[in-house]
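*Asks:* quick check, what structure comes out for this input:
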Amino acid sequence: MITFDYVTKEAAEGGGWDIQIGLKFDDEPEELYVAHVHMDDQGILGVPVLYFNGMDCRYAWKTDERVALETFVRQSTARIGE
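*Replies:* Presented below is the predicted three-dimensional model:
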């Protein structure tokens, strides 16, 4: 399970948005990871990349984790405004 900490959104060069999501995994509650994902102008999300201390974890997302991440991104970025 994942606990989300924060989300930031910046306009990307060439259109769309670069989104960063702070998150913690329940089995490592003290560690803060950052997922980066691109959202294009039509709202389509790219493949999220997980980082820890700036290093690419090369993480293989489980289906339920990816669904939770995408749901969180869509709900959170709607509140941030587009």
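
*Asks:* Three-state assignment for the nearest residue to residue 43 once chain neighbours are set aside, please.
*Replies:* Leaving out its chain neighbours, the residue that sits closest to residue 43 by C-beta to C-beta, 6 or more residues apart in numbering is residue 74, at 7.8 Å. C-beta: built from backbone N, CA, C; applies to glycine. Recorded secondary structure, residue 74: helix (DSSP: H, G, I helix; E, B strand; the rest coil).

*Asks:* how much space is there between residue 74 and residue 22?
*Replies:* According to C-beta to C-beta, to the nearest Å, residue 74 stands 17 Å off from residue 22.

*Asks:* what does residue 50 give?
*Replies:* Distance, residue 50 to residue 22, using C-beta to C-beta: 11 Å.

*Asks:* common neighbours of the two, please.
*Replies:* Residues touching both residue 50 and residue 22 (C-beta atoms under 8 Å, 6 or more residues apart in numbering): 33, 34.

*Asks:* of the two, who's got more company?
*Replies:* Neighbour count, other C-beta atoms under 10 Å: between residue 50 and residue 22, residue 50 has more, with 21 against 14.

*Asks:* got the contact list for residue 19?
*Replies:* Residue 19 is in contact with 7, 8, 9, 10, 36, 37, 38, 39, 73, 77, counting by C-beta under 8 Å, 6+ apart.

*Asks:* dump the worst-scoring helix or strand of the chain on mean pLDDT to CSV, restricted to CA.
*Replies:* Within the chain, no helix or strand scores below helix 63-80, which has a mean of 86 by mean pLDDT, DSSP states H and E. Output in CSV follows, covering the C-alpha atoms of helix 63-80 (Å, rounded to 0.1, in the frame of the first residue of the first chain):
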residue,chain,number,x,y,z
THR,A,63,-1.2,-2.8,-10.9
ASP,A,64,-2.9,-1.5,-7.7
GLU,A,65,0.0,0.9,-7.0
ARG,A,66,-0.2,2.3,-10.5
VAL,A,67,-4.0,2.8,-10.3
ALA,A,68,-3.7,4.5,-6.9
LEU,A,69,-0.9,6.8,-8.2
GLU,A,70,-2.9,7.7,-11.3
THR,A,71,-6.1,8.4,-9.2
PHE,A,72,-4.1,10.5,-6.8
VAL,A,73,-2.5,12.5,-9.6
ARG,A,74,-5.8,13.2,-11.4
GLN,A,75,-7.5,14.2,-8.2
SER,A,76,-4.6,16.3,-6.9
THR,A,77,-3.8,18.1,-10.2
ALA,A,78,-7.4,19.0,-10.6
ARG,A,79,-7.2,20.9,-7.3
ILE,A,80,-3.9,22.5,-8.3
